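K.L.:
this one's sequence-less:
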């Protein structure tokens, strides 16, 4: 490195600076320049070798990719061979021996190719070792760089040889695979021909059975029309039952024939499976408003059970849909409650829409039960960020078939379509005097937890209800659906709905469940104005809400301050508490109905799960009271009164434990210190315009939400939801809420 030495000499006598420049020697400069040139050359050599190493690594990576592809092809054809082996096993012994020999030959070819691939893999390992050697040498000085160059040339030669070997191996593998394809196509042609023959026989047998079934069904309809007098009823009913038994026998025989045929053909080749074609399916929706009977179904889509009420809008008369024949004797509740459940049968078809009694009597072989489908549907939108925590909190069993959100939606739509169809059938069969010679417009109102109405989950519920209505309106055999065919059906209907204006003609709505329960109470003209809390104790969930009801200028209004839903219903409490205290679930259930006589009473009273129930109750009461004071600060005492009015609904309201636990929250959480008056619990009274059809009136609390849902929109009070109270300072600033109707037309059956 060149430099100059500058000296500064201070003359103390003269006080002047003297500067001198002394140049370095010429030889030192030249030596320094030579060293710099050699350094640059060495750097350049190292860079070139590094680039060559990178190119070589890329080439090796490509070779590895090709090797991976070849290995994958080998695996794919191995799978084809396994399928081929299964098909061959179904043939007669002579054919099986021939095909087995062919398979063994093919396996030998694959084995030879695999050995060649192993050789290739060994060569790649050698390349990898060479690359590591090159990369290590790049850090050394000039001599190491020259050595790396020689090594690179050697590796390049080896790669060239390896590429040639790979090309030769690839040609051999392609030839072997082509031979395998030819052999497989020949075998497939043989099995397809055999399958077509058996399929044609099955189709003919099914057609004969369908023709006979249609004839019998027509005869049943004719006989039922002749039931005009009570003297004929007994005789003709016996005939009808015998004909129905004959239909079931025909169906069973057809099922056995079909199963036998499919068992002998389904494993011959995967390419011969025929999936149902839904491209022709067009929902049969109404085209005009020419109807003279208006029936609204209120569906309480519960976590554990679904309940239905219907209402004749012209007569303003409602009744409970019991899914069983009308009788003057007392009706068992299990005949009316429909578990919110589906089952996958052993043949892959789906089963749903049965009552508790019908599920208990069902002897069909079940592969998988699917419960809590409502919570699975809600979890799609509510818990995407922490789905694992949601699974644990809601105790949702992980089921492989339900990993896909679209499958969950399809199953819920299928379930609701069966609920709607069975409700309509029940009404027509049990109220023939209402439907005779009349055109009916059906409508449906589905209950949704109020907490979901302020979330993305509401849109999902609305879409599922729309698809359920379209499935119900389509002329298809829903009993033959599997998960796969159901998914394709729903995709077809979704596509159809996006292109058809008729989707806007569906007459379906969703309404907050708590709001529907309020309607059940407020529909009574004796309902008093004031501040209320309501808790619906279902099988899976505990729903709570705080609201104020008032009449202004003759109109009824409800302001819902807060809505909460937690997995703390009857069955959920039993499961969680049994796990927490290591008790048998039966012991916990016994405790719910008779807490004082349970040997585990003290443990259960002090359980964490009971504390969670009271924490939720306290939150609803305290937050509702706080919001109420903000909105109506000058009339709080008048609205609440001496006692806090608490209404109880749901099946858990008939137990001793849940009402006692809710009432004890006031003292155990010391709410008196916050000026909250003591609770006064009440059951919702049975409305005068509701026919319970043999049910005990004490069970009305189970149907309170369904009853409220069957009341049409125009007869209900104005509702304002919790989200409308987040940014206001006075009640006058709240906009009115009307339950959304994403369809606004008619449907007739």
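P.N.:
Noted; the coordinates are in hand. Since this is a predicted model, take the numbers as computed values, not measurements. Numbers count the residues shown, from 1 in each chain.
K.L.:
Which parts of the stretch 401-550 of the chain are strands?
P.N.:
Along the stretch 401-550 of the chain, the stretches classed as strands by DSSP state E, counting those that start in this stretch are 440-448, 508-512, 530-537, 542-552.
K.L.:
which residues touch residue 594?
P.N.:
residue 656 (Cβ atoms under 8 Å, 6 or more residues apart in numbering). For every residue, glycine as well, the C-beta is placed using N, CA and C.
K.L.:
Likewise for residue 476?
P.N.:
278, 281, 489.
K.L.:
Excluding residues flanking it in the chain, which one is nearest residue 549?
P.N.:
In space, not counting the residues next to it along the chain, residue 549 is nearest to residue 558; the distance is 5.4 Å by Cβ to Cβ, 6 or more residues apart in numbering.
K.L.:
pretty sure that neighbour is in a strand, no?
P.N.:
Yes - Residue 558: assigned to a strand according to DSSP: H, G, I helix; E, B strand; the rest coil.
K.L.:
okay, and for the stretch 601-749 of the chain, where does confidence drop off?
P.N.:
Residue ranges of the stretch 601-749 of the chain with pLDDT under 70: 634, 714, 716-717, 724-749.
K.L.:
residue ranges for the strands of it, please.
P.N.:
Along the stretch 601-749 of the chain, the segments classed as strands by DSSP E, counting those that start in this stretch run 644-649, 679-683, 690-691, 718-720.
K.L.:
what's the closest of those to residue 295?
P.N.:
Among these, strand 690-691 comes nearest to residue 295, with 14.0 Å by Cβ to Cβ.
K.L.:
What are the buried residues along the helix or strand where residue 574 lies?
P.N.:
When elements are assigned from DSSP states H and E, residue 574 belongs to helix 570-581. Neighbour-count burial for helix 570-581, with 16 or more other Cβ atoms under 10 Å as criterion, is recorded at 570, 571, 572, 573, 574, 575, 576, 577, 578, 581.
K.L.:
Any buried residues in the very next helix or strand once past it, and which?
P.N.:
The first helix or strand that comes after helix 570-581 along the chain, using DSSP H and E, is helix 585-593. Judged by neighbour count (16+ other Cβ under 10 Å), helix 585-593 contains these buried residues: 587, 588, 589, 591, 592.
K.L.:
which of the residues you listed lies closest to residue 688?
P.N.:
residue 592 (31.3 Å).
K.L.:
What pLDDT does the model give the closest one?
P.N.:
At residue 592, the model reports a pLDDT of 88.
K.L.:
ok, it - contacts?
P.N.:
570, 573, 574, 652, 655, 656, 657, 658.
K.L.:
so what are the domain limits for this structure?
P.N.:
As given by automatic domain parsing, the domain ranges for the chain are 30-274, 275-511, 527-684.
K.L.:
Please identify the most buried of the strands of the stretch 601-749 of the chain.
P.N.:
strand 644-649 (a mean of 23; mean count of other Cβ atoms under 10 Å).
K.L.:
before we move on, back to that, quick check, nearest of the buried residues of helix 570-581 to residue 712?
P.N.:
residue 570 (31.2 Å).
K.L.:
what's the pLDDT at the closest one?
P.N.:
93.
K.L.:
so what's residue 645 closest to, chain neighbours aside?
P.N.:
residue 532 (4.9 Å).
K.L.:
Actually, residue 655.
P.N.:
Per Cβ to Cβ, 6+ apart, closest to residue 655 is residue 592, 4.6 Å.
K.L.:
I'd assumed residue 308 was in a strand, is it?
P.N.:
Yes - using three-state DSSP, the assignment for residue 308 is a strand.
K.L.:
So in terms of bridging, what pairs with it?
P.N.:
Counting by DSSP bridges, residue 308 forms beta bridges with residue 299.
K.L.:
Looks like it contacts residue 421 (just checking).
P.N.:
No - the pair residue 308 / residue 421 is not scored as a contact, 11.5 Å apart, by Cβ atoms under 8 Å.
K.L.:
More neighbours: those two, which one.
P.N.:
Neighbours per residue (other Cβ atoms under 10 Å) separate residue 308 from residue 421, with residue 308 holding more: 27 against 17.
K.L.:
For the more buried one, which residues are in contact?
P.N.:
By Cβ under 8 Å, 6+ apart, the contact set of residue 308 is 297, 298, 299, 300, 320, 321, 338, 419, 423, 706.
K.L.:
now it: how far from residue 472?
P.N.:
14 Å (Cβ to Cβ, to the nearest Å).
K.L.:
try residue 644
P.N.:
43 Å.
K.L.:
Run a quick neighbour tally on the residue nearest to residue 549.
P.N.:
Neighbours around residue 558, by other Cβ under 10 Å: 23.
K.L.:
got a list of what it touches?
P.N.:
Residues near residue 558 by Cβ under 8 Å, 6+ apart: 515, 518, 522, 547, 548, 549, 717, 718, 719, 720.
K.L.:
Any quick PyMOL command for the buried ones out of the residues you listed?
P.N.:
PyMOL command restricting the contacts of residue 558 to the buried ones, with burial defined by 16+ other Cβ under 10 Å:
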select buried, resi 515+518+522+547+548+549+717+719+720
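K.L.:
a markdown table for the contacts of residue 558, including distance to residue 33?
P.N.:
Below are these laid out as a markdown table (distance: Cβ to Cβ, whole Å):
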| residue | distance to residue 33 |
| --- | --- |
| 515 | 91 |
| 518 | 96 |
| 522 | 101 |
| 547 | 93 |
| 548 | 95 |
| 549 | 99 |
| 717 | 98 |
| 718 | 94 |
| 719 | 91 |
| 720 | 89 |
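K.L.:
and which of the contacts of residue 558 is nearest residue 348?
P.N.:
Nearest to residue 348 among the contacts of residue 558, with distances taken as Cβ to Cβ, is residue 515, at 39.7 Å.
K.L.:
who does the residue nearest to the closest one when sequence neighbours are not counted bridge with?
P.N.:
Leaving aside its sequence neighbours, residue 515 sits nearest to residue 719 (Cβ to Cβ, 6+ apart; 5.2 Å). Beta-bridge partners for residue 719, by DSSP bridges, are residue 558, residue 737.
K.L.:
these two touch, right, residue 719 and residue 556?
P.N.:
No - assessed by Cβ under 8 Å, residue 719 is found out of contact with residue 556, at 9.9 Å.
K.L.:
still on that earlier bit, can you pick the most crowded of the contacts of residue 476?
P.N.:
residue 489 (23 neighbours).
K.L.:
does it really touch residue 281, like I thought?
P.N.:
Yes - contact criterion Cβ under 8 Å: residue 489 and residue 281 qualify, at 7.2 Å.
K.L.:
can you count the residues close to residue 54?
P.N.:
When neighbours are counted by other Cβ under 10 Å, residue 54 registers 12.
K.L.:
And for residue 338?
P.N.:
25.
K.L.:
just to revisit the earlier point, just the closest of the contacts of residue 592 to residue 607, please.
P.N.:
residue 573 (9.0 Å).
K.L.:
so what's that closest one up against?
P.N.:
Going by Cβ under 8 Å, 6+ apart, residue 573 touches 588, 592, 609, 610, 613.
K.L.:
rerun at 7 Å
P.N.:
Shown in contact with residue 573 (Cβ atoms under 7 Å, 6 or more residues apart in numbering): residue 609.
K.L.:
What is the nearest of the contacts of residue 476 to residue 693?
P.N.:
Taking the contacts of residue 476 together and measuring to residue 693 by Cβ to Cβ, the closest member is residue 489, at 33.6 Å.
K.L.:
excluding its backbone neighbours, what's nearest the closest one?
P.N.:
residue 278 (4.9 Å).
K.L.:
Can I take it that that neighbour is in a strand?
P.N.:
No - counting by three-state DSSP, one finds residue 278 to be coil, located in no strand.
K.L.:
could you say what helices and strands the helix or strand in which residue 375 is found packs with?
P.N.:
When elements are assigned from DSSP H and E, residue 375 belongs to helix 373-382. Judged by 3 or more Cβ pairs under 7 Å, 6 or more residues apart in numbering; DSSP states H and E, helix 373-382 is in contact with helix 387-394, helix 405-430, helix 457-472.
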